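>>> I would like the atomic coordinates for the input below:
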Amino acid sequence: MPKMTGGEALAKQLYREGVRVIFGLPGVQLYHALDALAQETDIKFITTRHEQATAYMADGY
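As a prediction, this is how the structure comes out:
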């Protein structure tokens with residue numbers, strides 16, 4: 001049985017739910033999720049540098 005990481009499960013479920021764009025602030029806590037999102041080519045991850053700006057960008061999108 002092939003194994004799936006938690007990040008891979010998250011990326012696949014986000015895709016199934018219709019998520020195509022994610023705004024985020026990368027950090028050590030998200031490395032596994034970001035690795036899986038990088039492999040999911042249909043989801044675009046937009047990197048930000050400030051938490052408040054991330055929320056504003058996502059809201060505006």
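
>>> Which stretches in the chain count as strands?
Counting by DSSP state E, the chain has these strands, from start to end: 21-24, 44-47.

>>> Now do the same for residue 2: its pLDDT.
For residue 2, the model assigns a pLDDT of 76.

>>> can you check the one 3 residues further on too?
Reading off the confidence values, residue 5 has pLDDT 93.

>>> Now do it: how many residues are near it, please.
12 (other Cβ atoms under 10 Å). For the C-beta atoms, the positions are set from N, CA and C on the backbone; glycine is no exception.

>>> Likewise for the one 5 residues further on?
Number of residues near residue 10 (other Cβ under 10 Å) recorded here: 16.

>>> Contacts only, for it.
By Cβ atoms under 8 Å, 6 or more residues apart in numbering, the contact set of residue 10 is 33, 36.

>>> who touches residue 36 in this structure?
Residue 36 neighbours (Cβ under 8 Å, 6+ apart): 5, 7-8, 10-11.

>>> Can you tell me which of those comes closest to residue 31?
Among those, residue 7 lies closest to residue 31 (Cβ to Cβ), at 8.3 Å.

>>> ok, now which ones touch that closest one?
Contacts of residue 7 by Cβ under 8 Å, 6+ apart are 32-37.

>>> Could I get those in CSV, plus columns for pLDDT and distance to residue 59?
Converted to CSV, the contacts of residue 7 look like this (pLDDT from 0 to 100; distance: Cβ to Cβ, whole Å):
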residue, pLDDT, distance to residue 59
32, 92, 26
33, 94, 21
34, 95, 22
35, 95, 27
36, 95, 25
37, 95, 20
